[in-house]
Each structure stands twice: as C-alpha cells, then as structure tokens.
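J.: turn this into a structure:
(one chain, ligands or ions: 1)
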Amino acid sequence: MDDEILQLLRESPSAFLSGEEISHRLKVSRTAVWKRINHLRNLGYEVEASTRSGYRLIQSPDLLTPLEIKPILKTNWVGKKIHHFHSLDSTNSKAYQLALNGAEEGEVVIAESQEKGRGRLGRHWFSPPFLNLYLSVILRPKISPHQAPLITLMAAVATADAIQKFSGLFPLIKWPNDILLRDRKVAGLLNEIHSEMDRIHFVILGIGANLNMDEKMFPKEIRAAATSLKIEMGRPILRKVFLQFLLLELERWYTIFLREGSTVLLKAWRDRAHIKGRRVKVTSFGEAIVGTAIDVDSDGALILETTNGKRKRIVAGDVEYNRKVKS
Ligand code: BTN
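T.: Numbering: from 1, shown residues only. The predicted structure follows:
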C-alpha cells in the first residue's frame with residue numbers, strides 16, 4: 001500500500017490530497033491511510049499533513065526501492081523487476097537463490113546494507129546502510145562457460161563507463177575488475193556462475209560501489225586503498241541517479257557483447273586497464289607469479305610473461321602493480 005499512496009501523492013506534486021480521497025481510491029479506512037503515512041515518514045518521506053486539506057509529498061528519501069527507481073529508469077529490460085531489501089546477508093546469495101528458482105534475465109537484487117557482503121577471493125565487502133550501492137543482476141547469456149570471464153570484463157567496463165558518465169571522471173580498471181579513481185578502489189565486482197560443462201544456466205553480476213562514504217568511515221585496513229564518488233566529486237551522491245546510469249550501461253554493454261562478440265568490449269577494457277607492459281605480481285590459487293603483463297586474451301584471461309620468458313595464462317587472481325617496464 002505504501003507504493004500506491006506514494007503514487008497518488010506524486011500524481012499531484014504540489015497539491016494536497018485529502019485523506020478521504022486516498023481512502024476512497026485505495027478502498028481502505030482513513031485510519032489505515034494515516035498509519036501508512038506515518039510509516040512512510042519513518043522511511044524518510046517528508047509528508048506535510050493538514051487537517052483541512054489532507055497530505056502533500058514534500059520530499060522523497062534517497063532509497064533504492066522500486067518506487068524510487070522505476071520512474072527514472074531508462075533501460076528496456078535490466079531492472080524491470082527489482083527485489084529491494086533493507087538488509088540481506090549478500091545480494092549475490094539472494095540473487096543466486098532467485099535464479100535457481102527461475103528468476104528471469106535482468107532481474108535485480110538491491111540491499112540498503114549487507115550483513116555478509118562478499119568480496120573476491122573470500123574477502124569481506126564492507127556494506128554499511130544507506131550510503132553505497134550493493135546490487136546483483138541476474139543474466140542468462142547463451143555463451144559457452146569458458147567465455148564467462150568476458151562477462152566480468154563487460155561488467156567492469158559498464159561500471160567504469162557509468163561512473164564516467166555520472167561524474168565526468170575517468171576510472172581505470174585493474175584486472176580483472178577493480179574500478180579505480182586516483183589509484184583507489186571505488187567499486188568492485190563479484191561475478192558468480194552456475195553452469196554445466198557446455199551451458200551457462202545463469203551468471204550473477206554482483207557490484208559494490210562506494211558512493212557516499214567519507215574517508216574516516218572506511219575500516220582502517222582499507223582506508224588508504226579505497227575511495228568513494230563523494231570523496232572524488234566533493235559532493236553527496238544521489239544513489240538512485242547513479243543506479244540509473246549503471247543499469248543503463250550494463251544493458252548497453254551486455255547487448256554489444258552478445259551482438260558483436262568480444263572485440264569492441266576488449267578494446268574498451270584495454271583503454272581503461274593500461275595493463276600491457278606492466279610489471280605485475282599475481283596471486284592465483286595461493287601461488288605468487290611475477291612477470292610482465294602481455295595482454296588479456298579473447299576469453300578475458302590475463303597473459304603474463306614470467307621472468308624466465310615463459311607465458312602463463314591466468315584466469316583468476318589478484319594483481320599488484322610494480323614498476324612499469326614498457327608501454
Ligand atoms: C571485490 O572487489 O572484492 C568484489 C566486491 C563485490 C561486492 C558486491 S556488493 C553486491 C554484491 N553482493 C555481495 O555479497 N558482493 C557483491
């Protein structure tokens with residue numbers, strides 16, 4: 001009913017709507033309307049009430065509910081169904097369950113906070129309430145499982161493009177999918193796949209973007225390596241507007257990838273990754289490998305030349321940049 005009341009109040013933004021009119025249109029008692037208005041106020045909606053004239057919506061909070069997002073969404077299919085939660089253990093885990101139960105491509109899970117936000121390689125993703133963006137998108141690409149890393153690169157390019165279009169800043173990508181501003185991580189991606197040997201059932205694209213964190217809010221261990229859009233832009237971020245950019249870029253890049261294959265995508269990724277010729281240390285499955293990055297291959301794996309001149313293909317791991325040896 002919250003949704004319906006808000007919709008009615010929004011239909012006449014500057015005028016009052018009487019309690020009687022609302023109760024008549026929603027077929028509920030005036031007491032029920034009054035209770036729901038109070039509930040909306042508790043959620044952060046500013047609703048003016050006048051005994052004579054009724055209710056008027058003054059301001060909406062920056063919540064990521066379907067009601068706040070749908071009116072501004074510009075996509076054709078991504079985010080047409082949004083599952084919103086105040087708190088979840090992890091949006092990826094929830095999206096995975098929904099996908100197992102048949103959720104469709106493009107459905108999105110959003111949480112205002114996560115109790116057990118998951119990062120790559122078993123790490124924790126710091127997910128305090130109402131400040132940032134924690135979302136997971138369900139995709140069902142008809143590609144072979146060995147191409148799944150390309151979906152990761154696609155999501156990294158889309159996230160970087162969304163940040164650029166929203167802020168005017170130029171984010172870089174650290175292989176495979178850390179999004180950096182001024183060398184500090186502003187967003188990270190955790191993509192999970194459910195597949196058979198030759199067929200992907202679904203991919204969960206998990207994206208965490210630091211939007212309104214101040215420096216002191218980050219845990220000490222990551223403070224020096226992390227940033228937020230608020231820090232970089234010097235002003236608070238309207239999360240729902242950023243989400244609108246992000247979902248549009250995801251839909252755009254996913255469509256390009258499915259239609260045109262990896263060439264355009266890999267070019268966009270390389271333009272942001274500046275990885276060729278970098279001296280890197282990669283930790284992959286517990287092993288540390290030092291070498292020079294040659295490129296990413298057409299499946300999105302990192303190709304390294306090790307100190308003894310051998311080439312290694314790395315599909316998962318963590319990269320540390322050392323001195324740049326050639327460009
Ligand atoms: C990383 O860089 O380590 C990846 C971080 C991914 C965090 C996001 S937040 C939304 C989604 N749900 C999760 O539990 N993790 C991802």
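J.: tell me the contacts of whichever residue of the stretch 151-300 of the chain sits closest to the ligand?
T.: Taking CB to the nearest ligand atom, the ligand has its nearest neighbour within the stretch 151-300 of the chain at G188, 2.2 Å off. Every residue, glycine included, has its C-beta placed from N, CA and C. Contacts for G188 (CB atoms under 8 Å, 6 or more residues apart in numbering) come out as G119, R120, W125, N177, D178, I179, I207, G208.
J.: assign it to helix, strand or coil.
T.: Here G188 is recorded as strand under DSSP: H, G, I helix; E, B strand; the rest coil.
J.: ok so, going back, with respect to T255, which of the contacts of G188 is nearest?
T.: Proximity of these to T255, judged by CB to CB, is greatest for I207, which lies at 17.6 Å.
J.: how many neighbouring residues does that closest one have?
T.: Here the count is done by other CB atoms under 10 Å, and I207 has 26 residues near it.
J.: wait, a strand at it?
T.: Yes - counting by three-state DSSP, I207 is part of a strand.
J.: separation between Q97 and A187?
T.: Shown here: Q97 relative to A187, a distance of 24 Å by CB to CB, to the nearest Å.
J.: likewise K70?
T.: For K70, the distance to A187 (CB to CB) stands at 23 Å.
J.: which of these two has more neighbours?
T.: A187 (28 against 12).
J.: quick one: contacts for that one?
T.: Under the criterion of CB under 8 Å, 6+ apart, the contact list for A187 reads T159, I163, P171, D178, I179, I207, G208, A209, N210.
J.: show me which pair in those residues is furthest apart.
T.: Pairwise distances among the contacts of A187 were taken by CB to CB; the largest, 14.3 Å, belongs to P171 and G208.
J.: so for those two, which sits in the more crowded spot?
T.: Each of P171 and G208 had its neighbours counted (other CB under 10 Å), and the higher figure belongs to G208 (27 against 23).
J.: looking at it, that one is touching R120, isn't it?
T.: No - with the criterion set as CB atoms under 8 Å, G208 and R120 do not qualify as a contacting pair; they are 10.4 Å apart.
J.: who does the residue of the stretch 151-300 of the chain closest to the ligand bridge with?
T.: Counting by DSSP bridges, G188 forms beta bridges with D178, G208.
J.: can you pull the pLDDT of it?
T.: We note a pLDDT of 97 for G188 in this prediction.
J.: who's the residue nearest to P66 when sequence neighbours are not counted bridged to?
T.: In this structure, P66 finds its nearest non-sequential neighbour in I82, 4.4 Å apart by CB to CB, 6 or more residues apart in numbering. According to DSSP bridges, the residues that bridge with I82 are V108.
J.: for I82, what are its contacts?
T.: By CB under 8 Å, 6+ apart, I82 lies in contact with T65, P66, I69, K70, E107, V108, V109, I110.
J.: pLDDT at it, what is it?
T.: 97.
J.: go on, N177?
T.: Per-residue confidence at N177 stands at 86 (pLDDT).
J.: that one: neighbour count?
T.: 24.
J.: tell me which element I222 is part of?
T.: For I222, the element it lies in under DSSP states H and E is helix 220-223.
J.: do that helix and the ligand meet at all?
T.: No - legend: contact between helix 220-223 and the ligand by CB under 6 Å from any ligand atom is lacking; minimum distance shown is 10.5 Å.
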